[in-house]
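Asks: Could you work out the structure for the sequence below:
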Amino acid sequence: MQLKDVGVKLPLTSPAQAFVGAGALVAALMLTACTQSPAGHDDRLSKAAGLARVTIVCPKGLWEETKPEGANEVKAKVSEITSGPRAGRGLVRITMTGTDLVSYLKELDFNAHPSKWNGERDNTAASRRVYDAVAPAIDKIEAATSPDDPEPQIVIDDTIKDKK
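Replies: Got it, this is the predicted structure:
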């Protein structure tokens, strides 16, 4: 019995096909590096998910600039603050569930911490301001000790002192 040498022909790739393949690889890398999430982000998401409800008080414009829309929209109750020491300052009270807070944090992280490749977005500064206020508040939250414990409230109210 005599063995014959059998050759296998492999298709040659054209430069165009190689370019498309390289482009797909670059696109995949960009999608996997969409954000530069800060340390503890995943733990924050887990902790936020366990909250029954949370309230954020902030300027109306800040909420409008950073609220998720479209597919990422969160269900939140938004009301203007019309009485008390914060009345008349353009602040709103946003109340949402912990799972909606998770969606909001993901949106904030995506906009506040873009990768070097993607560059900043129009609302990067606003998103960073909210994320930087919400993150440490979530980090400090401890498990409720009774059903009467108040829901967490996060206040973002930067004011300029009047000069005298």
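Asks: Nearest residue to residue 114 in space, please, no chain neighbours.
Replies: residue 120 (5.9 Å; CB to CB, 6 or more residues apart in numbering). In this view, the C-beta of every residue, glycine as well, is placed from N, C-alpha and C.
Asks: Relative to residue 36, how far out is the one you found?
Replies: Distance, residue 120 to residue 36, using CB to CB, to the nearest Å: 12 Å.
Asks: just residue 129 next, same as before
Replies: In terms of CB to CB, residue 129 sits 17 Å off from residue 36.
Asks: Among those two, which residue is more densely surrounded?
Replies: residue 129 (19 against 13; other CB atoms under 10 Å).
Asks: Would you agree the more buried one is in contact with residue 123?
Replies: No. Look at residue 129 against residue 123 with CB atoms under 8 Å: they stay out of range, at 9.9 Å.
Asks: what residue ranges in the chain score low on pLDDT?
Replies: Applying pLDDT under 70 to the chain flags residues 1-35, 71, 160-164.
Asks: Okay, strands next: where are they in this protein?
Replies: Taking DSSP state E as the criterion, the chain carries its strands at 54-59, 76-80, 91-96, 153-155.
Asks: got JSON lines for the ones you listed, with mean neighbour count and distance to residue 105 too?
Replies: As requested, these are exported to JSON lines (neighbours: other CB atoms under 10 Å; distance: least, CB to CB, whole Å):
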{"stretch": "strand 54-59", "mean neighbour count": "20", "distance to residue 105": "11"}
{"stretch": "strand 76-80", "mean neighbour count": "13", "distance to residue 105": "13"}
{"stretch": "strand 91-96", "mean neighbour count": "19", "distance to residue 105": "11"}
{"stretch": "strand 153-155", "mean neighbour count": "15", "distance to residue 105": "12"}
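Asks: can you put those in JSON lines and add distance to residue 136?
Replies: Below are the strands of the chain laid out as JSON lines (distance: least, CB to CB, whole Å):
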{"stretch": "strand 54-59", "distance to residue 136": "13"}
{"stretch": "strand 76-80", "distance to residue 136": "21"}
{"stretch": "strand 91-96", "distance to residue 136": "18"}
{"stretch": "strand 153-155", "distance to residue 136": "9"}
